[in-house]
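Peer 1: Have a look at this prediction, sequence included:
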Amino acid sequence: MNIRKLTSIMLSLMMALTTFAACDTAETIPDGSVPITPEESAMISEMLEEGMDEEEIAEVLSTMETTEATGETNGNTDVTEPSVVESVAPNGETVRVTPTTAPRQTVTQTIRNADGSTSTIRVTATATPRPTGTATTAPTSTTTTTAPASTTTTTAPTSAPSGTFKTSVEDEIVDLINNLRKATAVADKVAYYVPIQMTSSVRSMAQTRAKELVANFNHVSASGTNLADECIYKGSASSASAIFGAWKGSGAHKASMCAGCESKTKSAKYCGIGVWFYNGIAYAVFGTKGSASGTGLPSGYTAPEQTTPTTAPTSTTTTATPTETTAPTTTTTTAAPTETTVVTTEATTQVQNSTVDDTGDSGGDG
């Protein structure tokens, strides 16, 4: 075989390999995945070389995007916000973030309602002088009863505790997770990443799950379904960076957030994020579904709003027990005139003069 023929064969093989590689690349990079520009790749690579991890890079990228869009940094991305964070990973690992500064704390007086909820109250009591009585002296015993004095305690109306969904925070968490997926792809020398996309149906189910966490903070839904692939959060801090910061500190949570970011069979990973802020505490859920249908996370339960209706001020009337006061009694004893009759019997003794002889016989003429 001459040199010319050998060279021709080698060139043909090289062209075939190039064509095959191009076809393979076109087939393995899914349509809809997000390409990473050379500029982004260079910037992320530089941050990696400086020792930053993918989670830190994700926060920097999100801050840059917010600054470019608004001209100023969004306060919700402040990572220095004091928080008390408790998070559970899919493998059961519990992650706690200790605040560097003491969180502001408001102390209020609360009462526990019949349904288990608590309400803030302010009680105003009006002091009423102790009832007094006047005794009247009479010849006979007189009882003076003081009229009952009513003491009214008014309970101020309580505002109904209610929760709210923080949809803007939910959207920011999507951006943070996508930037994490992008940084992870660059670290793995991949020129694209598969983003997460939040659908309304999955978002609605994630919000339902977030409300379920108020009563039961674990990976089992109210219907008994095990949701071990979700990320959940409970803490006083409610910003996107605080919630993302709690999850990023756990390897299991990071794996959930980055799952499928370099997939060759999916153009997007569908997800739902719910952030429920209730009674001063934020409850958050990140759950994913791989199908394009956007079917929500299984739950089978819609959590109640857990609000207490506001009632009109109620008056409590305390009635003093009537006190029986016996007035001093002055008893005057008047001696009735006692009529004493002393009857003196005059005994009249009539003495007859008679002549008595010595014989004891009455004497006479005959």
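Peer 2: Cool, got the structure.

Peer 1: C-alpha from now on. contacts and neighbour counts both.
Peer 2: OK.

Peer 1: buried ones in stretch 57-65?
Peer 2: Under the neighbour-count criterion of 16 or more other CA atoms under 10 Å, stretch 57-65 has Ile57, Ala58, Glu59, Val60, Leu61, Ser62, Thr63 buried.

Peer 1: Could you say which helix or strand holds Asp31?
Peer 2: Using DSSP states H and E, Asp31 sits in no helix or strand.

Peer 1: just Gly260 next, same as before
Peer 2: Gly260 belongs to no helix or strand, assigned by DSSP H and E.

Peer 1: Likewise for Arg209?
Peer 2: helix 200-212.

Peer 1: Looking at that helix now, give me its mean pLDDT.
Peer 2: Averaged across helix 200-212, pLDDT comes to 91.

Peer 1: list the helices and strands the helix or strand following that helix packs on?
Peer 2: Counting by DSSP H and E, the next helix or strand C-terminal to helix 200-212 is strand 231-235. Where contact means 3 or more CA pairs under 8 Å, 6 or more residues apart in numbering; DSSP states H and E, strand 231-235 is packed against strand 85-88, helix 240-248, strand 281-289.

Peer 1: so which of the ones you listed comes closest to Thr265?
Peer 2: Closest to Thr265 of these is strand 281-289 (CA to CA; 14.2 Å).

Peer 1: Neighbouring strands of that closest one in the sheet, and parallel or not?
Peer 2: strand 231-235 (antiparallel), strand 269-278 (antiparallel) (DSSP bridges).

Peer 1: Name the residues that touch it?
Peer 2: Contact with strand 281-289 is made by 202, 206-207, 209-211, 213-214, 229-238, 243, 269-277, 295-297, as judged by CA atoms under 8 Å, 6 or more residues apart in numbering.

Peer 1: what's the span of stretch 209-227 from first residue to last?
Peer 2: 10 Å (CA to CA, to the nearest Å).

Peer 1: Buried residues in that stretch, which are they?
Peer 2: By neighbour count on 16+ other CA under 10 Å, the buried set for stretch 209-227 is 209-214, 217-222, 227.

Peer 1: Just give me the closest of those residues to Asp188.
Peer 2: Leu227 (28.5 Å).

Peer 1: isn't that closest one right up against Val220?
Peer 2: Yes - with contact defined as CA atoms under 8 Å, Leu227 reaches Val220; the gap is 5.9 Å.

Peer 1: shared neighbours, those two?
Peer 2: What both Leu227 and Val220 touch, as defined by CA under 8 Å, 6+ apart, is an empty set.

Peer 1: hmm, which helix or strand of this structure has the shakiest average pLDDT?
Peer 2: Lowest by mean pLDDT, DSSP states H and E among the helices and strands of the chain is strand 123-125, with a mean of 38.

Peer 1: and the nearest residue to Val174 once chain neighbours are set aside, how far is that from Asn218?
Peer 2: Take Val174 and drop its neighbours on the chain: the residue closest to it by CA to CA, 6 or more residues apart in numbering is Ile196, 7.2 Å away. According to CA to CA, Ile196 stands 23 Å off from Asn218.

Peer 1: tell me the angle of the helix holding Arg209 relative to strand 231-235?
Peer 2: 40 degrees (axes from the mean of the first three to the mean of the last three CA atoms, to 10 degrees).

Peer 1: Point out the other helices and strands that helix 200-212 packs with.
Peer 2: If you count contacts as 3+ CA pairs under 8 Å, 6+ apart, helix 200-212 packs onto strand 269-278, strand 281-289.

Peer 1: any idea which of those strands scores lowest on pLDDT?
Peer 2: Across the helices and strands packed on helix 200-212, the lowest-scoring stretch is strand 281-289, with a mean of 89.

Peer 1: and the angle for that one with helix 240-248?
Peer 2: Using the same axes, to 10 degrees: strand 281-289 against helix 240-248 is 60 degrees.

Peer 1: Dump the strands paired with strand 281-289 to JSON lines, plus distance to Ala255 and mean neighbour count.
Peer 2: As requested, those are exported to JSON lines (distance: least, CA to CA, whole Å; neighbours: other CA atoms under 10 Å):
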{"stretch": "strand 231-235", "distance to Ala255": "10", "mean neighbour count": "25"}
{"stretch": "strand 269-278", "distance to Ala255": "14", "mean neighbour count": "26"}
